[in-house]
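J.: I'll drop the sequence and a predicted model, then ask my questions.
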Amino acid sequence: MQTFVLICDLKDEPEAIEAYEACHQAVSEAILESIRRAGILEMSIYRWKNRLTMIMKTDEDFTFEKKAALDNANPKVQEWEAFVGQYQSNLPGTPPNWRWALMKPIFQFKFEED
């Protein structure tokens, strides 16, 4: 299993934050299926103010290139991305229309019992 952590900023507007949270309370089955098909086994999104953190656990065959190809070929995913994109903003220092940025792992602790 692979683990990835990504960050994204929402527009710093209460209405955008509320709407983004609300649309994630009822994600369509088509979107959930596209996540599964890409090889994502678990996905969680956390929010602090307007900053989002996504944690993804994937199968060993997962790649972001494979996911992008599947997403680009799926009109429902394109519609979803355009919809949620209206609430997101660019992260500082990223190219235009950049939404989620992959974070670099720098520390990990795992307790192993004897």
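T.: Sure, I can see it. Numbering: from 1, shown residues only.
J.: other SSEs contacting the helix or strand hosting residue 47?
T.: Assessed by DSSP states H and E, residue 47 sits inside strand 40-48. If you count contacts as 3 or more Cβ pairs under 8 Å, 6 or more residues apart in numbering; DSSP states H and E, strand 40-48 packs onto strand 51-58. Just so you know, the C-beta spots here come from the backbone N, C-alpha and C atoms, and that holds for glycine as well.
J.: could you dump the strand it packs on to PDB, C-alpha only?
T.: Below are the C-alpha coordinates for strand 51-58, written out as PDB (Å, rounded to 0.1, in the frame of the first residue of the first chain):
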ATOM      1  CA  ARG A  51      -6.600  24.800   4.000                       C
ATOM      2  CA  LEU A  52      -7.400  21.200   3.000                       C
ATOM      3  CA  THR A  53      -5.300  18.100   3.600                       C
ATOM      4  CA  MET A  54      -6.100  14.900   1.700                       C
ATOM      5  CA  ILE A  55      -4.700  11.500   2.800                       C
ATOM      6  CA  MET A  56      -4.900   8.800   0.200                       C
ATOM      7  CA  LYS A  57      -4.000   5.100   0.600                       C
ATOM      8  CA  THR A  58      -3.600   3.400  -2.700                       C
END
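J.: Give the next helix or strand downstream of it.
T.: Next in line after strand 51-58, if elements are assigned by DSSP H and E, sits helix 64-72.
J.: Next, the angle strand 51-58 makes with that next one.
T.: Note on geometry: by axes from the mean of the first three to the mean of the last three Cα atoms, to 10 degrees, helix 64-72 and strand 51-58 are set 100 degrees apart in direction.
J.: got the buried residues for the helix or strand immediately after helix 64-72 in the chain?
T.: Heading C-terminal from helix 64-72, the first helix or strand you meet, by DSSP H and E, is helix 75-85. Using 16 or more other Cβ atoms under 10 Å as the test for burial, helix 75-85 gives 77, 80, 84.
J.: where's the first one relative to residue 37, distance?
T.: Residue 77 sits 10 Å away from residue 37, going by Cβ to Cβ, to the nearest Å.
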